[in-house]
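Q: what's the 3D shape of this:
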Amino acid sequence: MQIIGRMNTFGKVITLVIVLLVPIIILYGYSHQVSVKVVRENIESEKAHRLSFFNSQIQSAVDQLTKFSVIVSRDPEVKEYLAEYDTLPPLAKLQKQQRIVDMLNLQVLTSVWNSQIILHLPKQKEVITTDYFVQYDERYLERAVPGRWSYYTNVVNGANEAYYSLIRSSSNPDLWIEVRFIDANIRNMLKHFNQGGDGEPIFYSPGKQAIANETSDPVLIAALVQQLDTSELGTSGHLDMTAGERKYTINYVKSDALGWYLVDYVPLQQILMPITTSRNLFYISITLLLGVSILATTLLYRNVQRPIHMLIRSVKKIRMGQYSTRLRKQPNNEFDFLFESFNKMAEQIQELIEKVHVENLRSREATLKQLQSQINPHFLYNCLFYIKNMANLDDKEAVVAMALNLGEYYRYTTRVNNEIATVEEEIRLVVNYLTIQNLRIQRFHCDIEIPDRMNELAIPRLLLQPIVENAIIHGIEKQAGFGLIRITGEQEGCLCKITVEDNGAGMNPEEIAALQKKLALPMEDDMGCGMWNVNQRLIHLYKGRSGLRLSRSELGGMRIELVWEEEPRPIE
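A: Predicted structure coming up:
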C-alpha cells in the first residue's frame with residue numbers, strides 16, 4: 001500500500017506540473033510569435049517608406065540630369081557651332097567652344113550632384129566638355145547604349161573612378177550628348193540616409209560591385225550581395241538572409257531611372273532584442289519552476305521509479321537469455337524483498353536451462369553413437385570400387401592396404417561401448433583415414449607431430465577425425481595442386497591443443513568469423529554435425545577455455561585448433 005501511495009503521489013505531481021506548464025508555454029509561444037510578427041511588419045513598413053522617399057530623391061536628381069541633354073541639344077550656340085564649323089577660323093572656333101563650355105558649366109551648377117556634360121562630335125573627332133580629362137574615343141561611343149544610364153569604372157590619374165553615364169543623340173547626327181555623374185553622389189546620399197537609422201543602406205545591381213558607405217563592413221556586404229545575386233528581386237520587397245552566424249532582414253526598392261536597387265539591411269537580433277529579453281526571462285522562470293518540481297519528485301523517483309526500472313530491465317535480460325542477471329539489494333527500501341525473490345527465480349531458471357542443455361548434449365551424443373554405428377555408404381562405395389579397380393589391375397598391395405585400413409577404420413568408428421579414447425588411438429584412426437584417402441586421391445601429404453607425453457591423454461572418441469575429414473573434403477579436394485595437411489600438438493600445463501592445418505582453398509576472414517560464431521549457436525537443420533558436435537563436446541566436457549578456434553593457416557588454407565583442459569568435467 002505504501003508503494004502504491006508513493007506511485008500515485010509521483011503521478012499526481014508530474015500531472016500537475018504538466019497541466020500548469022503546458023498551457024502557459026503554448027499561450028506564451030503564440031504571444032511571442034504575434035509580437036515578432038507585428039514588430040517585423042512595422043519595421044519593414046518603416047523601411048519601405050524611407051527607401052521609397054530616398055529613391056524619389058535619386059529619381060529627381062537623375063531626371064534633372066537627363067533634362068540637361070535635351071536642353072543642350074536645343075541650345076542655339078551649339079547648333080550654330082555645328083552649322084558654321086567648316087567656315088569658322090580657328091580663333092572663332094575657340095571662342096564659340098568657350099561659350100559652349102560656359103553654358104555647360106551653368107547647367108552643371110544648377111544640379112545638386114557633381115556632374116559633367118560632354119558633347120561628342122564624331123565628324124570633327126573632338127569633344128566639348130566641362131571635364132578637361134575627357135578625350136574623344138570612337139570605341140567608347142560604339143559600345144554605348146543610347147538613351148539609357150550605364151555604369152562604368154575607369155582609371156583616371158592612377159585612381160579608380162566609377163560613374164554613371166547617359167548618352168543621347170540629337171537631331172543632328174554629328175552631335176552626341178553625354179551626361180555623367182560620379183558614384184560619390186550616391187555614397188553621400190547613402191551616408192545622409194543612414195544618419196539616425198539603424199541599418200546600412202547600399203546601392204546594388206546584379207553582377208556589379210555594390211556602392212556602400214565607408215562605415216559598412218565589406219565582408220558582410222560581399223556575403224549579402226552574393227545571396228542577392230541568386231535571388232529573384234521584384235520592384236520592391238523584403239527578404240531574410242543569413243551571413244556569418246547572424247540573420248538579417250533585407251528591404252529593397254528598384255530605381256527605375258538607373259535600374260539599380262536601393263537595399264537596406266538590419267540585424268534581426270537588433271530588431272527583436274526587447275522581445276528576446278522578455279522571452280529569456282520567461283524561460284528562466286519556467287526553468288526555475290521546473291527545477292523546483294524536479295527537486296520535489298526526486299525522492300519519489302529514487303525510492304520507486306528507479307527500482308521499477310531496474311526490475312524491468314532485468315526481466316528483459318532474462319527474456320533475452322541472460323540468465324546470470326542478478327539485482328543488487330536496495331537497503332532500507334520496500335523493493336528489497338522483490339529483488340531477493342527475483343534473484344532466486346533467475347537462479348532457478350538458470351539451473352533449469354543448464355539441465356535442459358545437458359539433456360540436449362546427451363541427445364547429441366546418442367545421435368553421434370547412432371552415426372558411428374552406421375556405415376557411410378558414399379565413402380564405403382568409393383573404397384570398394386577402388387579395391388575392385390586395383391584387383392582388375394592385379395595390384396595386390398593396393399588391395400591389401402585399402403582393405404586393412406578400411407577394416408581398421410570401421411572397427412574403430414563402430415565401437416560404441418566406450419566413449420573415451422587416447423590421443424594415440426585418435427591419431428591411429430586419422431592415419432587409417434588419411435591412408436585410405438591417399439590411396440584414392442594420391443595428391444596430398446600429411447605431417448603429424450604429436451609430443452609423446454600427449455599420446456596417453458584421454459579424450460572423447462571421434463574428436464579429431466571429423467576435423468581432418470573437413471580439411472580433405474573442403475580444402476584439398478577443392479584445389480587442383482598438391483595438398484598438404486599438418487597435424488601438430490602442444491601442451492602447456494593443463495591446457496592441451498591439437499592443430500590441423502591445410503593448404504586448401506580456405507576462407508576469407510569474414511567467412512571464418514561467421515563460421516566461428518555459428519559454432520557457438522544451437523545447431524540448425526542445415527548445419528553439418530561434425531564440427532559443431534566437436535566444438536560442443538569440448539565446451540561442455542571440459543573447462544571454460546575449451547573449444548574449436550578457427551583462423552587462416554600460414555599454409556594458405558584453414559587452421560583449426562582443438563583446445564581442451566586436461567581434467568575433463570564429468571557429465572551429470
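Q: C-terminal to the one helix or strand V500 maps to, what's the next element?
A: In this structure, V500 sits in strand 495-502 according to DSSP states H and E. Once the chain leaves strand 495-502, the next helix or strand it forms, by DSSP H and E, is helix 509-519.
Q: how is this structure partitioned into domains?
A: 2-62+186-271, 74-182, 275-358, 448-572 (automatic domain parsing).
Q: closest one to F68 among those?
A: When those are compared by CB to CB, domain 74-182 sits nearest F68, at 5.2 Å. The C-beta positions use only the backbone N, C-alpha and C, and glycine is treated the same way.
Q: report the distance from the closest one to the chain centre.
A: Between the centre of domain 74-182 and the centre of its host chain there is 63 Å, according to CA atoms, centre = their mean, to the nearest Å.
Q: mind checking the end-to-end distance for it?
A: For domain 74-182, the separation between the terminal residues is 25 Å (CA to CA, to the nearest Å).
Q: follow-up on the earlier one: can you name the residues in contact with the strand holding V500?
A: 423, 450, 454, 457, 464, 467-468, 471, 475-476, 483-491, 545, 553-555, 557-566 (CB atoms under 8 Å, 6 or more residues apart in numbering).
Q: still on that earlier bit, right, and the domains of the chain - which one's nearest K396?
A: domain 448-572 (26.0 Å).
Q: need the domains of the chain in CSV (columns: mean neighbour count).
A: Written out in CSV, the entries for the domains of the chain read as follows (neighbours: other CB atoms under 10 Å):
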stretch, mean neighbour count
domain 2-62+186-271, 15
domain 74-182, 15
domain 275-358, 13
domain 448-572, 17
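Q: now for those, which one comes closest to A391?
A: Short answer: domain 448-572, nearest of these by CB to CB, at 24.6 Å.
Q: any idea of the mean pLDDT for that closest one?
A: Domain 448-572 carries an average pLDDT of 84.
Q: next: stretch 279-295.
A: 76.
Q: ok, back up a step: chain center to the strand holding V500: distance?
A: 46 Å.
Q: neighbouring strands - and their directions - for that strand?
A: strand 483-492 (antiparallel), strand 558-565 (antiparallel) (DSSP bridges).
Q: strands of the stretch 301-450 of the chain, residue ranges please.
A: Assigned by DSSP state E, counting those that start in this stretch, the strands in the stretch 301-450 of the chain fall at 420-422, 444-449.
Q: could you list the residues in contact with the last one?
A: Spelled out, it's strand 444-449. Contacts for strand 444-449 (CB under 8 Å, 6+ apart): 427, 430-431, 434, 437-438, 472, 476, 482-489.
Q: what does the first one give?
A: With CB under 8 Å, 6+ apart as the test, strand 420-422 has contacts from 455-461.
Q: let's have those in CSV, adding secondary structure and distance to E347.
A: Below are the contacts of strand 420-422 laid out as CSV (DSSP: H, G, I helix; E, B strand; the rest coil; distance: CB to CB, whole Å):
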residue, secondary structure, distance to E347
N455, coil, 43
E456, coil, 40
L457, coil, 35
A458, strand, 33
I459, strand, 33
P460, strand, 30
R461, coil, 35
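Q: in a markdown table, list those residues along with distance to P206.
A: As requested, these are arranged in a markdown table below (distance: CB to CB, whole Å):
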| residue | distance to P206 |
| --- | --- |
| N455 | 93 |
| E456 | 95 |
| L457 | 90 |
| A458 | 92 |
| I459 | 87 |
| P460 | 87 |
| R461 | 90 |
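Q: re earlier: could I get the strands paired with strand 495-502 as TSV with distance to V179?
A: Listed next are these as TSV, based on distance: least, CB to CB, whole Å:
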stretch	distance to V179
strand 483-492	99
strand 558-565	93
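Q: now for those strands, which one comes closest to E142?
A: strand 558-565 (85.4 Å).
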